[in-house]
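Asks: compute the structure for the input listed below.
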Amino acid sequence: MSIEQNKNIMKKFETMINTMDFDLANELISSEAKFTTPISPTPLVGGEGYLSVVKFMRSGFSNVQWKIEEMVAEENIVAVNWTCSGTHDGEFLGIKPTGKSFSARIMNFYYFDDSGKIINDIAAEGMIAILKAIGACP
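Replies: Purely as a prediction, here's the structure:
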């Protein structure tokens, strides 16, 4: 797949996560892709697995949205700088709704197989890794 094709896939991916489109998830994400996340003791698999993380986010932030700010691509890797925003209107990680809105920058690296499907997503943890290390968050 070309760099431009991978960037176009990421634009569709943005639509997929913002609309919870399972058909699009299965089109864009390999059924064999495994994603590790703090919300599951075992890896989540395929498009449905990936969208289960989005569903988890929506349980605490029903209007959560992701917007691609920047993309840098190589042959089988795309780095995306996202803005994620929403309002805390549901319980999240045991925290009752506060009604507070947030906007955060998030960096992810997406890896593609030869057919152009996403096979891995690595999140750059940044400050959250430090907070986890000192026991400030789960």
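Asks: so where's this protein uncertain?
Replies: Residue ranges of the chain with pLDDT under 70: 126-132, 134, 136-138.
Asks: for G49, which three-state class applies?
Replies: Following DSSP: H, G, I helix; E, B strand; the rest coil, G49 is assigned to helix.
Asks: what about the closest residue to it other than its chain neighbours, distance to E91?
Replies: Using Cβ to Cβ, 6 or more residues apart in numbering and skipping the chain neighbours, the partner closest in space to G49 is F35 (5.9 Å). In short, each C-beta sits where N, CA and C put it, glycine included. F35 sits 23 Å away from E91, going by Cβ to Cβ, to the nearest Å.
Asks: can you check T19 too?
Replies: As judged by Cβ to Cβ, T19 and E91 stand 23 Å apart.
Asks: ok, now T42?
Replies: Counting by Cβ to Cβ, the gap from T42 to E91 is 23 Å.
Asks: what is the burial count for G94?
Replies: Using other Cβ atoms under 10 Å, G94 is surrounded by 6 other residues.
Asks: okay, it and G60: tell me how far apart.
Replies: Relative to G60, and taking Cβ to Cβ, G94 is found at 10 Å.
Asks: do a quick rundown of the strands in this protein.
Replies: Taking DSSP state E, the strands of the chain run over residues 34-35, 44-45, 65-73, 77-87, 101-112, 118-124.
Asks: so which of these comes closest to E4?
Replies: When those are compared by Cβ to Cβ, strand 65-73 sits nearest E4, at 8.0 Å.
Asks: strand partners (parallel or antiparallel) of that closest one?
Replies: Strand 65-73 sits in its sheet next to strand 77-87 (antiparallel), going by DSSP bridges.
Asks: in the strand it pairs with, what counts as buried?
Replies: Across strand 77-87, burial judged by 16 or more other Cβ atoms under 10 Å covers 78-80, 82, 84, 86-87.
Asks: returning to that earlier point: and the strands of the chain: which comes nearest K11?
Replies: Among the strands of the chain, strand 65-73 sits nearest to K11 (Cβ to Cβ), with 7.0 Å.
Asks: buried sites along the closest one?
Replies: 66, 71, 73.
Asks: same question for stretch 5-19.
Replies: The neighbour-count check on stretch 5-19 (16+ other Cβ under 10 Å) flags 6, 9-10, 13-14, 16-17 as buried.
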